[in-house]
Each structure stands twice: as structure tokens, then as C-alpha cells.
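Student: Make a model of this:
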Amino acid sequence: MTPLQTYQTPTAFKHGLGALTHLATEAKALGLRRPLLVTDPGLVRAGIAAEAAAILQKGGVSFVQFAEVTPNPPVALVDQAAAIYQAEGCDGLIGLGGGSALDTAKAVGVVVTHGGSALAYEWADPNPIHRPIPPLIAIPTTAGTGSEATLWAVITDPARKIKFNIGGVAHIAATVALIDPLLTLNLPAAVTAGTGMDALAHAIECYTMAYAQAYTDAVALLAMEYVGQYLRIAFAQGHNTEARYKMSMAAMLGGLAYGVDSAGAAHAMSQTAGGVVDAPHGPLTARLLGPVMEHNYMAEPVKFARIAQALGEDVRGLSVWQAAERAVDAVYRLTADVEIPTLHALGFTESQIPLLARLAFADPQTTGNPRVMTVPGYEAVYRRAFQA
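Tutor: Next up is the predicted model:
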């Protein structure tokens with residue numbers, strides 16, 4: 001008998017050029033009187049945090065700012081922000097930033113609702129999250145993680161040198177995703193590339209995962225089409241608003257493609273490897289995506305042939321197997337075109353392969369991979385990734 005599948009999202013998605021100007025209105029509509037604004041020092045320096053603050057102040061919304069978010073946010077950071085939330089009497093959250101800020105905001109919501117430390121809410125069966133987090137407005141400033149749309153927060157445990165997932169239930173979802181592509185106009189090309197490839201990885205892995213279903217397939221395919229058409233343009237011409245808008249939509253759709261499930265081997269590898277070396281998630285996932293697809297395509301040839309079409313490959317006259325291989329080639333070319341750094345450049349060495357393979361195999365996302373993975377299989381993929 002086929003297991004009962006579920007797709008659920010309680011998030012309202014609101015998007016448009018200049019959407020940030022509606023922040024105070026959205027906050028008041030949720031009844032927020034003193035939200036915690038969770039952001040990072042880079043957005044403070046760039047003036048984006050101040051822009052959001054000015055909109056809240058003009059709209060008469062008092063707030064407390066927590067601007068200490070770091071890449072790959074650790075447990076202690078989440079717990080620190082949660083303590084500030086409670087000490088300041090906050091009644092909701094605004095996450096402003098990339099995936100790290102949005103994931104931190106969601107994890108803070110879990111901690112202030114349930115108590116204790118973020119470490120206690122690592123995904124498990126039964127799920128330790130049993131109540132909704134406070135109202136959360138998620139405002140992405142990159143186009144990649146799709147954290148504004150996912151039911152997950154990825155947090156780092158330095159003691160175990162791993163990243164772990166919190167969520168997998170609608171209780172952790174943002175109440176409102178406020179998506180303003182103008183916030184991505186000043187992203188450096190390298191950040192555009194890494195985050196954009198992360199959006200593609202979400203779409204491809206969720207389209208081919210063992211838990212795929214009609215809704216996730218649909219949004220994943222459109223996310224792939226947008227990345228295939230617009231990532232190179234956004235990388236080369238950062239102020240192209242059409243490209244930025246479509247990449248923002250690709251990120252959102254890639255996040256929606258998750259549903260309540262996980263992805264596959266590329267994310268099992270990048271999340272665990274990110275706990276060993278403090279490398280940025282987007283470029284790391286991007287560097288692993290092609291080798292994982294090369295390993296996986298024979299398990300889902302029809303779907304990989306469809307991926308090739310979504311990425312703009314001409315598959316007329318090709319067999320299913322030839323078309324499936326075109327999908328792998330297309331991702332390798334895109335990875336090169338947007339200048340994704342090598343694993344060596346990201347700080348990894350071949351001597352780490354046995355450790356990295358064992359960690360990836362132990363990650364829950366391994367079970368979603370379309371081809372059965374083993375530790376030797378992960379080692380082979382890592383070796384290929386170092387060669388690519």
C-alpha cells in the first residue's frame with residue numbers, strides 16, 4: 001500500500017518590486033506590537049536593516065533588533081536570540097536576510113514557544129514540535145535558500161560538527177513571506193551564483209526525491225525553468241530586475257518543492273560537510289549537485305530527461321537515457337558558467353572524504369535520494385566532486 005502523502009503550507013506569499021514598503025502594514029495586520037527583527041551584520045552595513053527599521057517606525061510598529069546572525073547559525077546563537085525575545089517581551093518575529101537569518105528566526109520561534117534549547121528540537125519521529133511558532137514575517141534578501149517557503153530551519157551543532165534540521169511540520173512555517181526582488185539587486189555575483197544554484201538543487205532534488213508528489217513536481221519544474229533561463233543573466237547583469245524577479249520566484253518555488261519532506265544526497269552531503277568546514281551552503285551544494293546527478297540519473301531516467309527540457313536542452317531525437325545525461329551535462333555547464341568555486345577553494349581536502357561520506361550517509365536526507373546510497377557510494381561521489 002502506498003504511504004499517505006501530505007502537502008501543507010500555511011504561509012501567505014506576497015511579492016512585488018518594492019514589497020518591503022508594506023512591512024509595517026503586514027506586521028500590524030498580524031497584530032504585532034513588538035516583534036524581534038532578526039538579521040545579520042552585513043545587512044546592517046548595507047543599510048537594508050535600517051530601511052526595514054524606518055518602515056516599521058514610520059508605520060508605528062515598535063521592534064527589537066537582533067543583528068548577530070552568522071552564516072551556518074549555531075545552537076548558541078538561536079538560544080541567545082530567543083532569550084532576548086523573551087526578555088524584551090516580543091510578540092512575533094521578522095526575519096530579514098538570507099537563509100541563515102530566516103532559519104534563525106524560525107528556530108527562535110520554536111524555542112520561545114516550547115522552551116529549552118534549539119538542540120532539543122532536532123527532527124525526529126515523533127516530531128518534538130507540537131505548537132505553532134509566533135507570527136513570523138520572512139523577508140529574503142537572496143534568491144536561493146527558499147527558507148521563506150520551507151518548513152525547515154537548518155542549525156549548526158559545533159559540538160558534533162554537524163548541521164541538523166528543525167521542522168518538517170507546518171508549525172514552523174512563516175506566517176507571511178514578503179518577497180521583494182529589489183533587495184537582491186546589489187548582491188555580489190558570487191552570492192547570486194551560489195544562492196541561485198542552491199535554488200536549482202532544491203528543485204532537482206525534490207523533483208527526483210523518493211517522496212515526490214504532483215504538487216512538488218509542478219513547482220520544482222517551474223523553478224528549474226526560471227533558473228535555466230535567468231541565473232546566468234542575474235549573474236552577469238545584477239541590476240536586471242526581470243532576472244532578479246524570476247530568480248526570487250525560483251527560490252520560493254524551490255522552497256515549496258520540499259513540502260514536509262527532505263531532499264536527497266546533495267543536501268545530505270552539503271549540510272553535513274558544512275558542519276566540518278564552515279563553507280557557504282550555496283556554493284558547496286552547487287559543487288556537489290552535478291556529481292550527485294551523475295550518480296543518480298540512472299535511477300530516474302524519465303525525470304532526468306524532463307529536467308534537461310526544463311533547463312533548455314534540445315532533446316529532440318534523443319533516447320530517454322541520452323536526454324537524462326543531457327540534464328547532468330547542463331548542470332555541469334551552468335556550474336562552470338557562474339564560476340562556482342571548487343571543493344578545494346571552499347576549504348576541503350580529499351583526506352576528508354571518508355569522514356564526509358560517513359556523515360552524509362547518516363543524514364536523514366539520504367533516505368530521500370532516488371538511488372540507494374551507501375558509504376562507498378558517497379565516497380565515489382565526493383571523489384568525482386573533487387575532480388570536477
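
Student: contacting residues around stretch 72-83?
Tutor: 36, 38, 66, 68-70, 100, 103-104, 107-108, 111-112, 117-119, 155-158, 163, 274-275, 278, 281 (CB atoms under 8 Å, 6 or more residues apart in numbering). The way it works is simple: take the backbone N, C-alpha and C, and place the C-beta from them, glycine included.

Student: Need the three-state assignment for A345.
Tutor: coil (DSSP: H, G, I helix; E, B strand; the rest coil).

Student: mind checking how far it is from A388?
Tutor: Shown here: A345 relative to A388, a distance of 12 Å by CB to CB, to the nearest Å.

Student: between the two, who's got more neighbours?
Tutor: A388 (16 against 11; other CB atoms under 10 Å).

Student: Could you tell me which residues make contact with the more buried one?
Tutor: Taking CB under 8 Å, 6+ apart as the test, what A388 contacts is R287, G290, P291, Y332, T335, T342.

Student: Make JSON lines out of those and add pLDDT.
Tutor: Listed next are these as JSON lines, based on pLDDT from 0 to 100:
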{"residue": "R287", "pLDDT": "98"}
{"residue": "G290", "pLDDT": "98"}
{"residue": "P291", "pLDDT": "98"}
{"residue": "Y332", "pLDDT": "98"}
{"residue": "T335", "pLDDT": "98"}
{"residue": "T342", "pLDDT": "98"}
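
Student: Can you spell out which helices and strands pack onto the helix or strand of the chain with the lowest mean pLDDT?
Tutor: Using mean pLDDT, DSSP states H and E, strand 162-167 stands out as the lowest-scoring helix or strand of the chain, at a mean of 91. Using 3 or more CB pairs under 8 Å, 6 or more residues apart in numbering; DSSP states H and E, the elements in contact with strand 162-167 are helix 99-114, strand 152-157, helix 265-276.

Student: can you pull out the helices in the stretch 51-200 of the chain?
Tutor: 75-87, 99-114, 189-208 (DSSP state H, counting those that start in this stretch).

Student: Between those helices, which one is closest to A357.
Tutor: helix 189-208 (18.1 Å; CB to CB).

Student: Now do the closest one: which elements does it pack against?
Tutor: Helix 189-208 packs on helix 214-236, helix 241-256, helix 265-276, helix 281-296, helix 301-310, helix 320-337, going by 3+ CB pairs under 8 Å, 6+ apart.

Student: so how far is that helix from its chain's centroid?
Tutor: 8 Å (CA atoms, centre = their mean, to the nearest Å).

Student: coming back round to it: which of the helices and strands packed on helix 189-208 sits closest to A190?
Tutor: Of all the helices and strands packed on helix 189-208, helix 281-296 comes closest under CB to CB, at 7.6 Å.

Student: the inter-axis angle of that closest one versus strand 162-167?
Tutor: 90 degrees (axes from the mean of the first three to the mean of the last three CA atoms, to 10 degrees).

Student: what's the spacing between P188 and G282?
Tutor: P188 is 12 Å from G282, by CB to CB.

Student: Comparing the helices and strands packed on helix 189-208, which yields the minimum mean pLDDT?
Tutor: Comparing mean pLDDT across these, the lowest value falls on helix 265-276: a mean of 94.

Student: Alpha carbons only: can I get that helix in PDB?
Tutor: Taking Å, rounded to 0.1, in the frame of the first residue of the first chain, the C-alpha atoms of helix 265-276 are listed here in PDB:
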ATOM      1  CA  ALA A 265      22.200  13.200  -1.400                       C
ATOM      2  CA  ALA A 266      23.400  16.600  -2.500                       C
ATOM      3  CA  HIS A 267      21.800  18.200   0.600                       C
ATOM      4  CA  ALA A 268      22.800  15.300   2.800                       C
ATOM      5  CA  MET A 269      26.400  16.000   1.700                       C
ATOM      6  CA  SER A 270      26.400  19.800   1.900                       C
ATOM      7  CA  GLN A 271      24.600  20.100   5.200                       C
ATOM      8  CA  THR A 272      26.900  17.600   6.900                       C
ATOM      9  CA  ALA A 273      30.100  18.900   5.200                       C
ATOM     10  CA  GLY A 274      29.100  22.400   6.300                       C
ATOM     11  CA  GLY A 275      29.400  21.200   9.900                       C
ATOM     12  CA  VAL A 276      33.000  20.100   9.200                       C
END
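
Student: In contact with the spatially most central residue of the chain, which residues?
Tutor: In the chain, the residue lying closest to the centroid (CA atoms, centre = their mean) is T145, at 2.5 Å. By CB under 8 Å, 6+ apart, the residues touching T145 are G98, G99, L102, D103, T195, D198, A199, A251, G255, H281, G282.

Student: which stretches of the stretch 1-150 of the chain have low pLDDT?
Tutor: For the stretch 1-150 of the chain, the stretches flagged by pLDDT under 70 are 1-2.

Student: now do 80
Tutor: Residues of the stretch 1-150 of the chain meeting the criterion pLDDT under 80: 1-3.

Student: show me where it has strands.
Tutor: 12-15, 35-38, 64-66, 92-97, 136-140 (DSSP state E, counting those that start in this stretch).

Student: other SSEs contacting the third one?
Tutor: Packed against strand 64-66, as judged by 3+ CB pairs under 8 Å, 6+ apart, are the following elements: strand 35-38, helix 75-87.

Student: Show which residues not belonging to it make contact with it.
Tutor: Here strand 64-66 has contacts from 34-39, 49, 53, 81, 84-85, 88, 90, using CB under 8 Å, 6+ apart.

Student: partners of that strand, with directions?
Tutor: strand 35-38 (parallel) (DSSP bridges).

Student: hang on, the earlier thing: minimum distance to L355: which of the helices of the stretch 51-200 of the chain has it?
Tutor: Here helix 75-87 is closest among the helices of the stretch 51-200 of the chain (CB to CB), at 21.2 Å.

Student: Tell me what angle that closest one forms with strand 92-97.
Tutor: 140 degrees.
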